[in-house]
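[1] got a sequence here, can you build the structure:
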Amino acid sequence: MLALSLSACEGSGFSYISNTSTNTYFRVPEEWELFERNEMMSSGSQAVSLQSLQGASDLWVVAFDAAPSPDLDNVLATSSQHPTGYAFVRPLTEKERDTYSLASLRNEVVPLDRLRQDEGRVEAVSEEEIELESGAHGSRLVNEIKVEGEYFTLDQTGLVDSGTHRVYVLVIGCKAACYEANKTVIDQVADSWTIEES
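    All right, here's what the predicted structure looks like:
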């Protein structure tokens, strides 16, 4: 079983979350609540859509919520007024490896391409390609998604390793006004998403 490893760097105001099995780590503000995989799978929460991930025995996932009263139901809920999200690393099946592409990565969490077919449903805010020295590659995408007349901002950093064996995703979101108000700290969290391939 893959465990959550936490450490707080004294005086930094951040907690560091790491997974040694996948050489992956990132940081979030100390006051953000963290939820491990077993909590997520047993909660019955509909907010964290992990249906496609549940069959992966070596999946690593951790969710977070910045709300004053944190709850798994807040995670990526389109009504969220505070930053929420999750990070996961999952293996690709042999079948997936044959066809996995940057489009697959882009749609890993939310079917952005399908939503874009509805005019005005998705507004691209920014897109940054990422290429690591190890050969892992992907992108950081920020999109505003229209839900019941209001915009929810989704910030997704997705990478696939050089051998197309694993997918690494960090996704953060909240209502558009919340995202703008918290953009500095969200950028710090997203920029901290690190993979060290052995």
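[2] any idea how far His82 is from Val169?
    20 Å (CB to CB, to the nearest Å). (Glycine included, C-beta is placed from N, CA and C.)
[3] okay, these two: which has more neighbours?
    Val169 (22 against 17; other CB atoms under 10 Å).
[4] helix or strand: which one has the closest residue to that one other than its chain neighbours?
    Spatial nearest neighbour of Val169, chain neighbours left out: Gly158 (4.7 Å); criterion: CB to CB, 6 or more residues apart in numbering. Using DSSP states H and E, Gly158 maps to strand 150-160.
[5] listing partners with orientation, what would you give for that strand?
    Strand 150-160 sits in its sheet next to strand 137-147 (antiparallel), strand 166-175 (antiparallel), going by DSSP bridges.
[6] got phi/psi on Leu92?
    phi -90, psi 140 (degrees, to the nearest 10).
[7] with Ser126 instead?
    According to degrees, to the nearest 10, Ser126 has phi -160, psi 160.
[8] try Leu76
    Per degrees, to the nearest 10, the backbone of Leu76 is at phi 60, psi 20.
[9] just give the number of residues close to the residue nearest to it when sequence neighbours are not counted.
    Computed as CB to CB, 6+ apart, the closest residue to Leu76 that is not its neighbour in sequence is Gly173, at 5.2 Å. Around Gly173 there are 27 other residues, counting by other CB under 10 Å.
[10] now tabulate the strands paired with strand 150-160 in TSV and tack on distance to Asn38 and mean pLDDT.
    Converted to TSV, those look like this (distance: least, CB to CB, whole Å; pLDDT from 0 to 100):
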stretch	distance to Asn38	mean pLDDT
strand 137-147	27	95
strand 166-175	19	95
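[11] so which of those is the most surrounded?
    strand 166-175 (a mean of 24; mean count of other CB atoms under 10 Å).
[12] who does the helix or strand following that strand touch, helix- and strand-wise?
    Next along the chain after strand 166-175, taking DSSP H and E as the criterion, comes helix 176-181. With contacts taken as 3 or more CB pairs under 8 Å, 6 or more residues apart in numbering; DSSP states H and E, helix 176-181 sits against strand 150-160.
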